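> Kindly generate the corresponding structure for this input.
(chains A, B and C)
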Amino acid sequence: MSEPVQRIKAPVRLGYQVVAGRDLSRFLAGIAEGRFLGKRCPSCHKVYVPPRGACPACGALLTEEVSVADRGTLTTFCVVNVPVEGRAMKLPYVYGSVLLDGADIPFAHLIQGLPVEEVRMGLRVRAEWAAALLPTMETILCFLPTGEPDAPFHTYQEHL
Amino acid sequence: MLRPLTRDVAIVSFAEMPAVRREWERDEVEMLVPVITEAIEGSGIGRKEIGFTVSGSSDFLTGRPFSFVIALDAVGAWPPIEESHVEMDGAFALYEAWVRLQHGDIDTALVYAFGRSSLGEVRDVLAMQLDPYYVAPLWPDSISLAALQARALLDSGRATEHAMAEIAARSRSRARSNPNAQVAGAFDVDALLAEPYLVSPLRRHDCPPISDGACAMVLVAGDRARRAKTQLAWIRGIDHRIEPHALGARDLTRSPSTALAAERAGVSAGAVDVAEIHAPFTHQEIILRDALGLGPDVDVNPSGGALAANPLMVAGLTRVGAAARKIMDGSARRAVAHATSGPCLQQNLVAVLAAEPEAVR
Amino acid sequence: MNRCAVIGIGQTKHASKRDDVSLAGLVREAAGRALEDAGLRYADIDAVVLGKAPDMFEGVMMPELYLADALGAAGKPMLRVHTAGSVGGSTAIVAAGLVRSGVHRRVLTVAFEKQSESDAMWALSPRYPFQPPLLAGAGGYFAPLIRAYIRRSGAPAEVGMQVAVKDRRHALANPYAHLHLADISLEAVRASPMLWDPIRYLETCPSSDGACAMVLADEDAAARAPAPPAWVRATAMRSEPTMFAGRDQVNPRAGRDCAAELYRQAGITDPRREIDVAEIYVPFSWFEPMWMENLGFSPENEGWKMTVEGVTALGGALPVNPSGGVLSTNPIGASGMLRFAEAALQVRGRAGAHQVEGARVALGHAYGGGSQFFAMWIVGSERP
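Reported below is the predicted structural model:
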C-alpha cells in the first residue's frame, strides 16, 4: 500500500493582455522621443508623471499635457540586497524616488553611477536613456548624479 | 432588545459603459471615470459628500494582484474616504453598501464594478474558481460546465433546445433598444437551431459574449432619500445565498439558493412587472425564472441580459441597474433583479425594487 | 445600531508551510476553534464573511466558492472581502456591520492565507509591462518611507531593532505564533543581513500559512455565550489614493482620520491613557513608532520614544503587539484579523501567557496597500 498523497503540483499557465491605457501610452510615446510627458489636473493643477488616467485626488480626467525635465531630485530611496526575480541585478543596488523638475509626484527608478554608500536624499540626478529610444519603460536605464549641489531639504520634504 | 431593520435605501442613479468585446485602449481608471462621474452627477449628490464607497472586481480576471487598488484613482479618494471592496460581482458590493447604510450614520453610497473578460482566456480563467485539489487540475472550462447543467436540464424534461434558442433570440432582440448592449439583432430561432453545437448541448447562441465593461450606482437612504425630487428605485428587499461547491452535491437543474434569496427578499409580496435575471446561458434563465417564482406576464431582461453583454464582475450589478432604470423612468412599479456567482449558479443574489418605499411605520 | 460582541475566537498554529492541511482544513481549524469557544455549531451561524488578500497567493480564484462547503455556508449568505493588507480587519468590520445593522444575529468571519501553495513573493511584485520592475517585495516599497521617517524624526538607528526583539520575545509566550526565536537579541538583529536598507532580515515579517476566525453575535446571543464577550465599541475604515501630489506616506492622513473617527465613536479623548493594549499591523519594525504617531498615541516625530522607553513592551504602560504581531506571524490575509482577534482576546482575559493584566479596552489595527487602506476597531470588556 503506497503512502497517502500529501501534496500535488498543479501548474497554472494563464496568458493576459496588458493594456497601458491612453495616458500611459502617450507617456511612452514621449519616452520614444526622449521626453518625459506629464499631465496636469484641471482641478488641483498638479502635474503627474507618468499620468494614469485621472487625478487620484480629484477623480478628474487629466487634461493638459506638460513636458517636464529629465532631471530632478532624489527624495528618498532604499538599498536593495534581495535578488529580483527575472532580473540579473548586481547586488546591492539603489531604488529611489526622483522628483523630476516640473512634476508634482516622484518617479521611482534605479539610481546608479555612484557608490551605494554615497546615495543620499537630495541628490540631483538625471535620466540615462538607452541608445535606442523605444516606447517602453526600459528606455530609461536608470538615473545618474548630475554633479549639481544637493537640493535643500525644504525643496522636496513635502514629497516624502 | 434587537432593533429590526427600518432604514429605506434607494438607487438614485446608475451609469454603465457600453459593453465591448475588447477595451484595449483605455485602462480601468479611464473606463471608470466617465461612469462614476455620470452616476455622481446624476445623483445630485456632491462627490465629496458620498458616505461610503465600495467596488467589485477580480484580480484573476485582470491578471494582476491588487487590481482594485489601481481603480481607486477613478474615485478621487481625497480627503480620505470610507471605502471597501469585495472580490466578487458588484452586486455583492451593492449588498455591502446596503448593509452599511442600515447603520444610520451616513446617507449615501457609491458602488462600482469593472471587469475585462478580454484580457485573459476567460473560459480557462474561470476554471481557477474550482476546487484546487480535485477539480481545477482537470481544467474544466466554464462553457463545458454550463453544458453539463444544460444537459441535465434537458434530460429532466423541463427545457428544450428550442426554448433555449427562443431565449437567445428574444434577449438579443430586446438588446436592440439598449445602447450599452454588445450583441443585439433579430435572430430566427430555426436558423439558430441549425447551427452546430459549441459544446453539446450548447450552441454559440446559448452562451454569453465575452465582454469588457464597467458600471456605477449611487444609493441614498432614509430622509435624504425621501427628500429626493426624482423617481428613485427603492430597495424593498435584498438577500443572497450560496450552495455547496461540489457540482455532484447539487441538483444542477434547480437553484434553491435563488429561491431562498427570493423568499427572503420578498419577491412574492407583490406583482412583478420586470425582472432582470443574470443568466449568462440560455438554459439558466429557465432555471432561475422557476426559482424566482415569476409568472408568465413578467417582462424578463428588457436590457437583453447577460446574453447581450456579460462583463464579468459587472453583469450582476448591471442587472440591478437595469431594473432600477425601469422604476426610475416610470415604466415599472415593482422589479426583481438577480445576480449570480460561481460555476453553474452556485451563489445567487436577489433584490426587489419598487417605485415606493415601505409604508410609513 | 445594535450592539455586537465577539463571543468566539480561533486561530491556527501559524507556520511557513502547513502541509498537514488543505485550504479547507486550514480555515476549518480556525473556524472550528472559534465555534467551540462560542459554544456553537456551524448550523447556528447565520452568515459567513471571508477575507483574504490576492487570490494569486494560493492560485484559487474567489475561494469563497470552494470554501462554502468547508465553512458550513450552504444555504447562507457568504461574502468575500479583499482590501489588500488591511483585509483581515475590514472583513471583521463587514461582519460586525451585519450584526450591528440587525441583518444577522451570529456571523462567522474567517481570514486566511496559505502562501506556501503559490508564490507570494511573485504575487506581491509581478513583472508587469509598462513599469520599471525593480521592487523586490513589499520591503522595497516601504524601506524608502522608513528612511524618510528616520530623517524626519531624528530617531536613533536602534529603534527598529528594538521593536524586532520586543515583538519576537512576546511571541515566545504565544503558542500559535509562527516565529519562536528563543535566541532573539539586538546583536542577532544587527548582524542579520540588510535586505532593503534600512530594513534588516530580522526586522522583517515572515511569510506564513495561517487562519483566524471569530464569531460575532448580537447581545442576546452574547448573553448566552459560555465565556465573557468582547464588545465592539467602535469600527472605522479609511482609504486614500496610492500616489498623489503631496501625499504623506509616512504619517498618512487616512490612518489619522480613521483613528480619529474610531476614538470619536468609542468616546475616547486620551487614547494613550484610555487604551490598555494595542495590536497593530507592524510588518517591518519601524512601523511601530510610525503608527504610534499616526494613531495619536504620541506626538509627531516622537513615537520612537515609546519604544526606547519600554512603554510598548509587555509590562509597559501601553503594550503593543503582546501576541508577537505581524513580525512574528504573517499570513497576509489573516494578519489584520489576528490583530482584531488578539485585541478581543485581551479584553476577554483569555490571552494566556501574553495577557496584559487588567486589559479592558483594546485597539485592533490593520493597514494595507501603499499605507493607504486602514481598518481599526476598539473592543472592550464592558457592554456599551
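> What is the burial count for B:Ala74?
B:Ala74 has 31 neighbours, counted by other CB atoms under 10 Å in any protein chain shown. Any C-beta I mention is one placed from the backbone N, CA and C, and that applies to glycine too.
> ok, it to B:Ala308 distance?
Separation of B:Ala74 from B:Ala308 (CB to CB, to the nearest Å) stands at 25 Å.
> Repeat that for B:Arg227.
Distance from B:Arg227 to B:Ala308, by CB to CB: 36 Å.
> Of those two, which one has the most company?
Taking neighbours as other CB under 10 Å, B:Arg227 and B:Ala308 compare with B:Ala308 leading, 27 against 8.
> ok, for the most centrally placed residue in chain A, nearest residue in space, not its chain neighbours?
Taking CA atoms, centre = their mean, the centroid of chain A lies closest to A:Ala108, which sits 3.1 Å from it. Using CB to CB, 6 or more residues apart in numbering or on different chains and skipping the chain neighbours, the partner closest in space to A:Ala108 is A:Ser97 (5.4 Å).
> got a list of contacts for the strand or helix carrying the one you found?
Per DSSP states H and E: A:Ser97 is located in strand A:93-100. Strand A:93-100 is touched from outside by A:36, A:38, A:49, A:68-80, A:105-112, A:116, A:119, A:125, A:143, A:156, A:159, C:134-135, C:140, C:144, C:196, with contacts defined as CB atoms under 8 Å, 6 or more residues apart in numbering or on different chains.
> In strands only, show me the residues you listed.
Using DSSP state E, the subset of those located in strands is A:36, A:38, A:68, A:71-80, A:107-111, A:125, A:143, C:196.
> Pull out the buried residues from the residues you listed.
Those of the ones in strands among the contacts of strand A:93-100 that meet the buried threshold are A:36, A:38, A:68, A:71-80, A:107-111, A:125, A:143, C:196, by 16 or more other CB atoms under 10 Å in any protein chain shown.
> Just to be sure, B:His283 is in a helix?
Yes - remark: B:His283 belongs to a helix, assigned using DSSP: H, G, I helix; E, B strand; the rest coil.
> Let me know the pLDDT of it.
Looking at B:His283, its pLDDT stands at 98.
> OK, contacts around the nearest residue to it once chain neighbours are set aside?
Leaving aside its chain neighbours, B:His283 sits nearest to B:Ala150 (4.2 Å; criterion: CB to CB, 6+ apart). Neighbouring residues of B:Ala150 by CB under 8 Å, 6+ apart: B:159, B:164, B:201-202, B:206, B:281, B:283.
> looking at it, C:Val277 is touching C:Leu318, isn't it?
Yes - using CB atoms under 8 Å, C:Val277 makes contact with C:Leu318 at a distance of 7.2 Å.
> More neighbours: which of those two?
A side-by-side neighbour count of C:Val277 and C:Leu318, using other CB under 10 Å, places C:Val277 first with 29 against 20.
> I'd like to know how far the closest residue to that one other than its chain neighbours sits from chain A.
Nearest residue to C:Val277 in three dimensions, chain neighbours excluded: C:Val356, at 4.4 Å (CB to CB, 6+ apart). C:Val356 sits 34 Å away from chain A, going by CB to the nearest CB, to the nearest Å.
> Let me see the contact set for C:Val356.
C:276-277, C:314, C:319, C:322, C:346.
> Just the ones of the residues you listed in strands?
C:Val277.
> The nearest residue to B:Leu126 once chain neighbours are set aside: neighbour count?
Spatially, and ignoring its direct neighbours in sequence, B:Leu126 is nearest to B:Ser142 (4.0 Å; CB to CB, 6+ apart). Counted with other CB under 10 Å, residues neighbouring B:Ser142 total 23.
> for B:Ser142, what are its contacts?
Contacts of B:Ser142 by CB under 8 Å, 6+ apart are B:122-123, B:126-127, B:343.
> and those, which two are the farthest apart?
Using CB to CB, these reach their maximum pairwise distance at B:Val122 and B:Pro343, which is 13.2 Å.
> before we move on, back to that, each with direction, which strands does the strand holding A:Ser97 pair with?
strand A:71-80 (antiparallel), strand A:107-111 (antiparallel) (DSSP bridges).
> Flag every residue of chain A that's near chain B.
Residues of chain A lying near chain B by CB under 8 Å from any CB of the partner chain: A:8, A:10, A:12, A:14-24, A:52-61.
> buried stuff in the helix or strand hosting B:Arg289?
Using DSSP H and E, the element containing B:Arg289 is helix B:282-292. Across helix B:282-292, burial judged by 16+ other CB under 10 Å covers B:282-292.
> Kindly report the same for stretch B:349-357.
B:349-355, B:357.
> just stretch C:296-316 next, same as before
C:296-298, C:303-307, C:311-314.
> could you pull out the helices for the chain?
This is for chain A. A:22-31 (DSSP state H).
> could you do chain B instead?
Using DSSP H, helices in chain B cover B:28-43, B:59-62, B:67-71, B:90-101, B:122-125, B:142-156, B:161-174, B:189-193, B:222-226, B:256-265, B:282-292, B:315-328.
> Using a markdown table, lay out these together with distance to C:Ala260.
A markdown table is the format used below for the helices of chain B (distance: least, CB to CB, whole Å):
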| stretch | distance to C:Ala260 |
| --- | --- |
| helix B:28-43 | 26 |
| helix B:59-62 | 31 |
| helix B:67-71 | 24 |
| helix B:90-101 | 19 |
| helix B:122-125 | 41 |
| helix B:142-156 | 46 |
| helix B:161-174 | 50 |
| helix B:189-193 | 61 |
| helix B:222-226 | 24 |
| helix B:256-265 | 37 |
| helix B:282-292 | 45 |
| helix B:315-328 | 32 |
